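Novice: need a structure here:
(2 chains)
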Amino acid sequence: MTELVFFTNQVIISGLVLGCIYALGAVGITLIFGILRFAHFAHSELMTGGAFIAFLLASAFAAWGITTPIPTGFVVLPIAMVITAILSLGIDKGFYAPLRKRGAKPVTLLIASIGVTLMVQGLIRLFFGAGSYSFFETETKDVFRIDLSALGSTRPLVITEPQVFMIVVTFVSVLALHFFLTRSRLGKAMRAMADNADLAQVSGINTALVVRVTWIVAGALACMAGTMLALDVTLKPDLAFNIIIPIFAAAIVGGLGQAYGAIAGGLLIGFAESLAVFNWTMVLRPLNGVLPDWLQLPATLALVPTEYKLTVAFVILVVVLLVRPTGIFKGASS
Amino acid sequence: MLGRALLAFAAGAAIVYGARKADRIGITGRWKTVLTVFAWFVAYVLYRSQLDPAAAYIESAVGGGWVGGLGGHPVLGWLFGGLLAAGIAYIVGKISLGLRTDYLAIATIGISEIIRALIKNMDWLTRGTLTVSPIPWPTPLPQSFQAGGMDNLSALVAARGGFLVLALVVLGIVLWLISRAYAGPWGRMMRSIRDNHIASSSMGKNVKARQLEIFIFGSVLMGIGGAMLVSFVQIFDPSSYQPINHTFLIWVMVIVGGAGNNWGALFGAVLIWLIWVISEPLSKAVFEFVSMWSSNVGWGAIPEIEARSAQMRVFVLGLVITIALRFAPKGLIPEVVKRG
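Specialist: Next up is the predicted model:
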C-alpha cells in the first residue's frame, strides 16, 4: 500500500499538475493555429508575463493588507487574466496584424513571434532581473497530508493547496471552454473559421471579431497556466520559455487546431514525463523478497535519468511528427 | 581510449551480425536465438569493458584536464567539426525534411534541444558541465608573444589579430566557393527547386536528395563556425550555448541582411553583431541618464543598472526582428532576381 501511495504522489499528482499546465498552454496555441494558421511561439511569454502581472497584483494585495482564505494568487487570477488578454490583443495589433494584412507566410509570422518572445523576455528581465520570486512570501503554502495508515500505508498522501486549486480551476475552465465552443454563437463561429476561413467570411461571420476573441481566450488561458505554474514552483523570467516546446509537443500530439486534442495531448505529455523519470524500484521493492540474490533490483530503476526529463516531450514530439503528423485527433495540416 | 571503445563497439556489432547470419552455416531455429542473445551479451560486456575506463579517464581529467586530441593542427579540428555537423545534419534531415514549414521549424528546435541535453549530460564523452579547456589556438597565443618580449596589450592584439586573419581567410574561401556555386548550374538548380519544386521534379531533379544536400551543406558551414568559436573562446561549455543567444541571433542576421543573398547574409551578420555589442553600453548610458534625472526629481535612482542593461540586448534583438519583418521583409540587401 505504501508503494501505491508513493506512486500516486510521484506520478499521478505531479503528472496531473504538469498535464493541466501543458493543456492550458496547448489549448491557446492550438486555437491560434486553428484560426490564424501560424505557430505562436510567444505564447510562453504570455504565460510568464501573466504570471508576473498576477505576482504584482498579489504583492499589491499583500501591501494593502488584504488577506484571503485561499492563496492570493488565485484571487487575483481573474484580474491578471483580463490584463493579459488586453496585452495579447495589443501584441496582435502591433506585430502580427500588419504582417497578416500583407499576406505573409506562416513561417514569417513564426519568426515574428520569436521576435516578440525576445522583446517580452527582455522587458521582463529589465524590470524583474534574473532572480526568482515566490507567491508565498507573506502567506504560507498549505500542504495537505492525508493519513492513509488505515489502509496500511506508512506514508501520507501529499498534495499542496495550490495543486488542489489548480486541478479544480483547470477542470472548470476546460468545461467552460467546451460550452463556449459548442453552445455559444461566437464559439461556433470560431470553429467554422478554423474549418474554412473563406467560407466562414462568405457566410457572414465577423472574422475580425473572431480573431479578437481568439486572442482574448488564448491570452487568458496562458495567464492562468503561467500563474498556476508559478504558484506550484517559483516565478522566474524563463518560467515558461523552458516549457514552450513541450507545450507545442502537446498541441501537435493532440492535433493542431483541435482544442480537445490539446487537452488530451497536454495530459499525455505531463504523465509521460513523470512516468519516465519515476523510480520503479520504489514500487517493485516487495519483489526483492522473492527474487534470488543475483537479481536484486538496483537502487534506481527509472526509464530515463532525471536530467533528461524535458527530453521525453521532445522525443514524443519527433516521433509523433514522423508517424502521424496530424496528431491523434486529426488536426489541421495543409 | 575512446577509440578502443569504438573498436570494441564495432567488434560487438560484428559478433551480433555474425550470430544473426548463423543460419548460413547451418545453425537454425532455437539455437540461433540463443546464439544471438549470447552475442548481444558478449558485445555489451566487451563494449562496457572498454568504455568504462575511458569514461572514468575522461571524467577524472588526469593529464592537465586535456584528454584526446591527436596532436593535429586546430584547423584540422575545424574541418572535423564540419564533418561531424554533416553527420548529425544527415540524420536530422532524414527525420524532419519531409515536414511542412512550421512543423519543420518546431521539429528542428525540438531535435536541437534533445542534442543539447545529450551533449550536456553525456559526461563520458563531452565531460558535460565539467567543460573542456584549454582548447588550442590555431595561431600563436598571447603568451608566446609575451615570451618574445612584447607587453601585455600588444601581445593580446597580435594574437587576436592572427586569429582574425585566419578567420577572414576561411570566410573568404567559403564565400568564394559559395558565390561560384550560386552562379553556376548547381545554384540555378537549387533556386529552381526552392521556387517550384514540382516543376523541378518534373524536369528530373531529385528534390528530396537535393534538399537534404543543401541542409547538410549549411550544417557543415555551421559546424566549422562552431568549431572556430570554441577554439576562439578556448573553453567548451555545453550549457553556455542557449538558443536565445545563438540560433535566434543567426536567424536575425539572415532576415535583416536578406535571405537568398550571400552578401546580404554577410552584411546582416556584421550589422547585427554590432547592434548586439553596442546595445548594452548604449542602454547603460540611457539608464544612467534616466537615473540621474529621476534622482533629481526625487524618485530615486534605478537600481542594478549593470545587470539590467545586459538584459536589454535581448529586447533590442527582438525589436530588430519585428521591425525588419514589417518594413524590410526581403532584407536590407535583397536577393537579385535576374530575368531574361
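
Novice: Where does A:L56 sit, in terms of helix or strand?
Specialist: Element membership for A:L56, per DSSP states H and E: helix A:43-63.

Novice: So which bits of that helix are buried?
Specialist: A:43-55, A:57-59, A:61 (16 or more other Cβ atoms under 10 Å in any protein chain shown). All C-beta spots, glycine's among them, are computed from the backbone N, C-alpha and C.

Novice: what does the stretch 101-250 of chain A have sitting close to chain B?
Specialist: The stretch 101-250 of chain A comes close to chain B at residues A:102, A:104-108, A:110-112, A:114-123, A:125-126, A:129-130, A:241, A:245, A:248-249, as judged by Cβ under 8 Å from any Cβ of the partner chain.

Novice: switch to 6 Å and redo it
Specialist: A:106-107, A:110, A:112, A:115, A:118-119, A:121-122, A:125-126, A:245, A:248 (Cβ under 6 Å from any Cβ of the partner chain).

Novice: Of those residues - the most surrounded one?
Specialist: Of all these, A:F248 has the most neighbours under the rule other Cβ atoms under 10 Å in any protein chain shown, reaching 33 neighbours.

Novice: Name the SS class of that residue, please.
Specialist: helix (DSSP: H, G, I helix; E, B strand; the rest coil).

Novice: and the residue lying closest to it once chain neighbours are set aside, what element?
Specialist: The shortest distance from A:F248 to any non-neighbouring residue, by Cβ to Cβ, 6 or more residues apart in numbering or on different chains, is to B:I106 (5.3 Å). Here B:I106, judged by DSSP H and E, is contained in helix B:101-121.

Novice: Now do the buried residues in that helix.
Specialist: If you call a residue buried by 16+ other Cβ under 10 Å, then helix B:101-121 has these buried ones: B:102-103, B:105-117, B:120-121.

Novice: and if you look at stretch A:76-96?
Specialist: Across stretch A:76-96, burial judged by 16+ other Cβ under 10 Å covers A:76-77, A:80-81, A:83-85, A:87-89, A:91-92, A:95-96.

Novice: that older thread, which neighbouring elements make contact with the helix holding B:I106?
Specialist: helix A:106-128, helix A:244-254, helix A:309-323, helix B:74-96 (3 or more Cβ pairs under 6 Å, 6 or more residues apart in numbering or on different chains; DSSP states H and E).

Novice: now what about it, what contacts it?
Specialist: Residues outside helix B:101-121 that contact it (Cβ atoms under 6 Å, 6 or more residues apart in numbering or on different chains): A:39, A:106-107, A:110, A:245, A:248, A:307-308, A:311, A:314, A:317-318, A:321, B:92, B:96, B:99, B:126, B:128, B:238-239.

Novice: Buried subset of those, written for PyMOL?
Specialist: Command for PyMOL, covering only those of the contacts of helix B:101-121 found buried under the criterion 16+ other Cβ under 10 Å:
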select buried, (chain A and resi 39+106+110+245+248+308+311+314+317+318+321) or (chain B and resi 92+96+99+126+128+238)
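
Novice: returning to what we had before: filter the buried residues of stretch A:76-96 down to the ones in helices?
Specialist: A:V76, A:L77, A:A80, A:M81, A:I83, A:T84, A:A85, A:L87, A:S88, A:L89, A:I91 (DSSP state H).

Novice: if I pick the first one, what's in contact with it?
Specialist: Neighbouring residues of A:V76 by Cβ under 6 Å, 6+ apart: A:A54, A:L57, A:A58.

Novice: count of neighbours near B:A14?
Specialist: 12.

Novice: what's the distance between B:V337 and B:R191?
Specialist: According to Cβ to Cβ, to the nearest Å, B:V337 stands 9 Å off from B:R191.

Novice: Comparing these two, which residue is more hemmed in?
Specialist: Per other Cβ under 10 Å, whichever of B:V337 and B:R191 has more neighbours is B:R191, with 15 against 8.

Novice: in which helix or strand would I find the more buried one?
Specialist: Here B:R191 sits within helix B:185-195, counting by DSSP H and E.

Novice: Isn't A:F61 up against A:T72?
Specialist: Yes. Counting by Cβ atoms under 6 Å, A:F61 touches A:T72, with 5.2 Å between them.

Novice: mind checking the longest helix of chain B?
Specialist: helix B:262-297.

Novice: Alpha carbons of the next helix or strand after that helix, in CSV - could you do that?
Specialist: Counting by DSSP H and E, the next helix or strand C-terminal to helix B:262-297 is helix B:305-327. Output in CSV follows, covering the C-alpha atoms of helix B:305-327 (Å, rounded to 0.1, in the frame of the first residue of the first chain):
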residue,chain,number,x,y,z
ILE,B,305,22.0,49.3,-13.9
GLU,B,306,24.7,46.9,-15.0
ALA,B,307,22.6,43.8,-14.8
ARG,B,308,19.6,45.5,-16.4
SER,B,309,21.4,46.9,-19.4
ALA,B,310,22.9,43.4,-20.1
GLN,B,311,19.3,42.2,-20.5
MET,B,312,18.5,45.0,-23.0
ARG,B,313,20.4,43.1,-25.7
VAL,B,314,17.7,40.5,-25.9
PHE,B,315,15.0,43.2,-26.1
VAL,B,316,16.8,45.1,-28.9
LEU,B,317,17.3,41.8,-30.8
GLY,B,318,13.5,41.1,-30.7
LEU,B,319,12.7,44.7,-31.7
VAL,B,320,15.1,44.4,-34.7
ILE,B,321,13.5,41.2,-35.9
THR,B,322,9.9,42.6,-35.7
ILE,B,323,10.9,45.9,-37.4
ALA,B,324,12.8,44.1,-40.1
LEU,B,325,10.0,41.7,-40.9
ARG,B,326,7.5,44.6,-41.0
PHE,B,327,9.4,47.2,-43.0
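
Novice: packing partners for helix B:305-327?
Specialist: Short answer (3+ Cβ pairs under 6 Å, 6+ apart): helix B:305-327 packs on helix A:106-128, helix B:247-257, helix B:262-297.

Novice: how about CSV for the residues of the stretch 101-250 of chain A next to chain B, with pLDDT added?
Specialist: Formatted as CSV, these follow (pLDDT from 0 to 100):
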residue, pLDDT
A:P106, 82
A:V107, 80
A:L110, 85
A:A112, 88
A:G115, 88
A:L118, 87
A:M119, 89
A:Q121, 87
A:G122, 86
A:R125, 84
A:L126, 81
A:I245, 84
A:F248, 88
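
Novice: From these, pick the one nearest A:K141.
Specialist: A:R125 (25.8 Å; Cβ to Cβ).

Novice: Spatially nearest residue to that closest one (excluding sequence neighbours)?
Specialist: Using Cβ to Cβ, 6+ apart, the closest residue to A:R125 is B:Q311 (3.8 Å).

Novice: Can you tell me the number of residues neighbouring the one you found?
Specialist: 21.

Novice: likewise A:V172?
Specialist: A:V172: 10 neighbours (other Cβ under 10 Å).

Novice: which stretch of helix or strand covers it?
Specialist: Going by DSSP H and E, A:V172 is part of helix A:161-183.

Novice: List the buried residues for that helix?
Specialist: Applying 16+ other Cβ under 10 Å to helix A:161-183 flags A:161-163, A:165-167, A:169-170, A:173-174, A:177, A:180-181 as buried.

Novice: Run the angle between the next helix-or-strand element following that helix and helix A:161-183 for me.
Specialist: Per DSSP H and E, the first helix or strand lying C-terminal to helix A:161-183 is helix A:185-195. Angle of helix A:185-195 versus helix A:161-183, following axes from the mean of the first three to the mean of the last three Cα atoms, to 10 degrees, is 80 degrees.
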